[in-house]
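Engineer: structure for this input, please:
(chains A and B)
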Amino acid sequence: MKPLLLFTGFLCAAVSGCTEGDPSSVFIALQSDFATFESWPRYFLGSGPLEGHPAGARYGFIKESAPKGAATYPVGSIIVKTVEFGMTKQEWELFAMAKRGGGFNSGGAKDWEFFTLRMSTSGVPIIISRGSNPADGDADGGSTGHGYSDTTGSGVTCNRCHGLSGTERQDHILASVLAPGAQ
Amino acid sequence: MMRNSLTQTITLWMLCAASGCGQTPLSPEQQALLDVKAYIQSNLDELDRAVTALQNDAPVADADGWNAKSDSAAIAKMKGDWKRARIAYEHVEGALAVLFPDLDASTDERYDGFISTTPDDYLFDDKGVTGVHAIERILWSDQIPAQVQNFEMGLPGYKAAAFPTSEKEASDFKNKLCARLVSDVQTMRSQFSPLALDPAAAFRGVVGSMNEQIEKANKAATGEEESRYAQYTLADMRANIEAGEQTYSAFRAWLLSVGGAALDVQISAGFQRLKSKYASYPGDALPAVPATWSPSNPSAADLATPFGQLYQLLMQEVEPMRAGSLVSAMNQSADLLGIPQLPQ
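Structural biologist: A predicted model of the protein is given here:
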């Protein structure tokens, strides 16, 4: 059985990218990783005006909480934020952060990748854009244009707030209720 | 960090096959994902080889840098390496740019895109203006077309392109600028290797290849052509269409298995129309853009030119609401396969 176990370990790393324990592991989120976000634990974040976001009730969804007392989320963590307004979910503004690791976004919210999403007509969250500074409405997911930087058209980028000096104390999560280890 | 149930299915199938239990065939969906993955990985391998050769072929630094006469053989070799790299990247950019947005920018951003945020006065290091077009701009610096020069000279923060003229510049070109490209490519290659694609990510390579082409045509029309120094943008577009066709071929059996035969015919015909048009032009450069070209309202005379005909065909094929267009058939295929579509 030993060779098979070794082979299993190799396949695990080769096929799924499972590199637990490897500090340099990287998580590249795909659309399917967001599919069930509405079933994740949900936290009310407020409904007052917030720079860089449209008006509306805001909720945070955490895929998996960081361990109690942890100072940071592990690589692979995902947080989705909804701004819920309008008659249908297709009108919601959806933002997300995924802990990518590997030093990604080192000039801002280190290790976090930002996303803008939108609900399809069939209620599936679709990645609209992604990166350290995703574009607003870049319908090909960022494959052209290379790195525009305004998610809302308001001139406020994700890193402008999440990458501010001092935000690393909460792993760049601004809402205390979503901070690592706070749930 | 087991990604999803599909990954688990594939892993279990591979384990089962390796350990000798029954030979369960992969479903058309599983096979499509594995084929797309293999296509991207093989092009990343080729890209890595090409950019590594490009760095290795850079002349050894001497006191006066390079010149087109005494370093002509090395420069020609580097230009060949660059073209290999370009084709490999254009084969996978539609898929990779989505997964590696920041590395796509450092690898493939145009000169004007870089300096629109921060000027770069020193073009040979690994900061600011980097990637394939930064290297292209230096390698072809003695052959930059007048219209490209005119366009760039009007940009705030413009710095003229030139060969390295000192030992430091030549050394930095090889050990910083080229090394950064090698490092960025190797990062993408190594991080892509363990990734299990989902259908949406894999199918992006089909639609993404079309987006790449339309962007190139639009940019050319405004003087911002992509491979503008080497006059290689048509070769880029041929690589895009090859990539789209190859990636689509991975989905073909799956599409046929769900009753998509008519869409398959439309898609194949669409690829053929574009390939035939691209093949009708000689060389690697886009046809000249007419001096009176207006992207928003091109005249009949301008649309009758070789560039106008190419532009017109491409616009028709990428129009999602136009019955029979290539992108319309691609989108209908995605619906049939249950791959969620971007909201309109």
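Engineer: buried set for stretch B:283-298?
Structural biologist: B:D284, B:A285, B:L286, B:P287, B:V289, B:P290, B:W293, B:P298 (16 or more other CB atoms under 10 Å in any protein chain shown). (Each C-beta comes from the backbone N, C-alpha and C, glycine too.)
Engineer: now do A:F34: how many residues are near it, please.
Structural biologist: When neighbours are counted by other CB atoms under 10 Å in any protein chain shown, A:F34 registers 23.
Engineer: so it sits right up against A:L117, yeah?
Structural biologist: Yes. Counting by CB atoms under 8 Å, A:F34 touches A:L117, with 6.2 Å between them.
Engineer: what about stretch B:103-114 and chain A, touching?
Structural biologist: Yes. Applying CB under 8 Å from any CB of the partner chain, one finds stretch B:103-114 in contact with chain A at B:D104, B:A105, B:D108, B:E109, B:R110, B:G113.
Engineer: so which residues of chain A form strands?
Structural biologist: Taking DSSP state E as the criterion, chain A carries its strands at A:42-46, A:57-62, A:78-84, A:93-99, A:112-119, A:125-131.
Engineer: helix/strand/coil for B:W66?
Structural biologist: Following DSSP: H, G, I helix; E, B strand; the rest coil, B:W66 is assigned to coil.
Engineer: which ones are touching it?
Structural biologist: By CB atoms under 8 Å, 6 or more residues apart in numbering or on different chains, the residues touching B:W66 are B:P59, B:A74, B:I75, B:F163, B:P164, B:A170.
Engineer: give me the nearest residue to B:P306, chain neighbours excluded.
Structural biologist: B:P287 (3.7 Å; CB to CB, 6 or more residues apart in numbering or on different chains).
Engineer: how close does B:N297 get to chain A?
Structural biologist: B:N297 sits 23 Å away from chain A, going by CB to the nearest CB, to the nearest Å.
Engineer: B:E224 too?
Structural biologist: B:E224 sits 11 Å away from chain A, going by CB to the nearest CB.
Engineer: with B:L310 instead?
Structural biologist: From B:L310 to chain A the distance is 18 Å (CB to the nearest CB).
Engineer: keep only those of the contacts of B:W66 that are in helices.
Structural biologist: Mapping these onto helices (DSSP state H) picks out B:A74, B:I75, B:A170.
Engineer: ok, back up a step: now, of the contacts of B:W66, which are buried?
Structural biologist: Applying 16+ other CB under 10 Å to those flags B:P59, B:I75, B:F163, B:P164, B:A170 as buried.
Engineer: tell me the contacts of the third one?
Structural biologist: In other words, B:F163. With CB under 8 Å, 6+ apart, B:F163 has these contacts: B:G65, B:W66, B:N67, B:A68, B:I138, B:S141, B:D142.
Engineer: what does the first one give?
Structural biologist: Residues near B:P59 by CB under 8 Å, 6+ apart: B:W66, B:D71, B:A74, B:I75, B:A170, B:K174.
Engineer: pLDDT wise, what is the fourth one at?
Structural biologist: If I follow you right, that is B:I75. Listed pLDDT for B:I75 reads 97.
Engineer: over to the second one?
Structural biologist: The score at B:D71 is 93. That number is its pLDDT.
Engineer: isn't B:A230 right next to B:S141, touching?
Structural biologist: No. Assessed by CB under 8 Å, B:A230 is found out of contact with B:S141, at 10.9 Å.
Engineer: ok so, going back, out of the contacts of B:F163, who's nearest B:G128?
Structural biologist: B:G128 lies nearest to B:I138 out of these, by CB to CB, at 13.5 Å.
Engineer: run through the residues that contact the closest residue to that closest one other than its chain neighbours.
Structural biologist: Of all residues not flanking B:I138 in the chain, B:A161 sits nearest, at 6.1 Å (CB to CB, 6+ apart). B:A161 sits next to B:L123, B:R137, B:I138, B:S141, B:I144, B:Y229 when contact means CB under 8 Å, 6+ apart.
Engineer: so B:A161 sits in a strand?
Structural biologist: No. Checked against three-state DSSP, B:A161 lies outside a strand; its state is coil.
Engineer: next up, the contacts around the residue nearest in space to the middle of chain B.
Structural biologist: Centroid-nearest residue in chain B, with CA atoms, centre = their mean: B:E90, separated by 2.4 Å. Residues counted as contacts of B:E90 (CB under 8 Å, 6+ apart) are B:E212, B:D236, B:M237, B:A239, B:N240, B:A243.
Engineer: the residue in the stretch 1-150 of chain B positioned nearest to chain A: how many residues sit nearby?
Structural biologist: Of all residues in the stretch 1-150 of chain B, the one sitting closest to chain A is B:P101 (3.3 Å; CB to the nearest CB). Residue crowding around B:P101 was assessed by other CB under 10 Å; the count is 25.
Engineer: give me the nearest residue to it, chain neighbours excluded.
Structural biologist: Going by CB to CB, 6+ apart, B:P101 has A:G131 as its nearest residue, at 3.3 Å.
Engineer: could you do B:V289 as well?
Structural biologist: In space, B:V289 is closest to B:F307, 5.2 Å off (CB to CB, 6+ apart).
Engineer: for the strand or helix carrying that neighbour, enumerate the helices and strands it packs against.
Structural biologist: Here B:F307, judged by DSSP states H and E, is contained in helix B:306-318. On a contact count with 3 or more CB pairs under 8 Å, 6 or more residues apart in numbering or on different chains; DSSP states H and E, helix B:306-318 meets helix B:199-221, helix B:261-279, helix B:300-303, helix B:326-337.
Engineer: ok, and what's touching that helix?
Structural biologist: Identification of contacts with helix B:306-318 by CB under 8 Å, 6+ apart yields B:210-211, B:213-214, B:217, B:220-221, B:270, B:273-274, B:277-278, B:281, B:286-290, B:293, B:298, B:302-303, B:322, B:325-327.
Engineer: counting neighbours, which of the residues of stretch B:103-114 next to chain A comes out on top?
Structural biologist: That'd be B:D104 among the residues of stretch B:103-114 next to chain A, by other CB under 10 Å, with 25 neighbours.
Engineer: I'd say it and B:L96 touch.
Structural biologist: Yes. Proximity of B:D104 to B:L96 meets the contact threshold set by CB under 8 Å, at 6.3 Å.
Engineer: low-confidence ranges in the stretch 51-200 of chain B?
Structural biologist: By pLDDT under 70, the stretch 51-200 of chain B has no low-scoring segment.
Engineer: got the contact list for the spatially most central residue of chain A?
Structural biologist: Residue closest to the average C-alpha location in chain A (CA atoms, centre = their mean): A:M97, at 1.7 Å. A:M97 is in contact with A:I78, A:I79, A:A109, A:W112, A:E113, A:F114, A:F115, A:C158, A:H162, A:H172, A:I173, counting by CB under 8 Å, 6+ apart.
Engineer: relative to chain B, how far out is the closest residue to the third one other than its chain neighbours?
Structural biologist: When the adjacent residues along the chain are set aside, A:A109 lies closest to A:H172, with 3.7 Å between them (CB to CB, 6+ apart). Separation of A:H172 from chain B (CB to the nearest CB): 16 Å.
Engineer: from A:I127, how far out is A:H172?
Structural biologist: 20 Å (CB to CB, to the nearest Å).
Engineer: before we move on, what about B:P101?
Structural biologist: The gap separating B:P101 from A:I127 is 11 Å, by CB to CB.
Engineer: burial of B:M153, as a residue count?
Structural biologist: By other CB under 10 Å, 9 other residues sit near B:M153.
Engineer: typo on my end, it should be B:D142
Structural biologist: Neighbour number of B:D142 under other CB under 10 Å is 12.
Engineer: so it sits right up against B:A68, yeah?
Structural biologist: Yes. B:D142 lies in contact with B:A68 (CB under 8 Å); the separation is 5.5 Å.
Engineer: thinking again about what came up before, in helices, which of the contacts of B:E90 appear?
Structural biologist: Filtering these for helices - DSSP H - leaves B:E212, B:D236, B:M237, B:A239, B:N240, B:A243.
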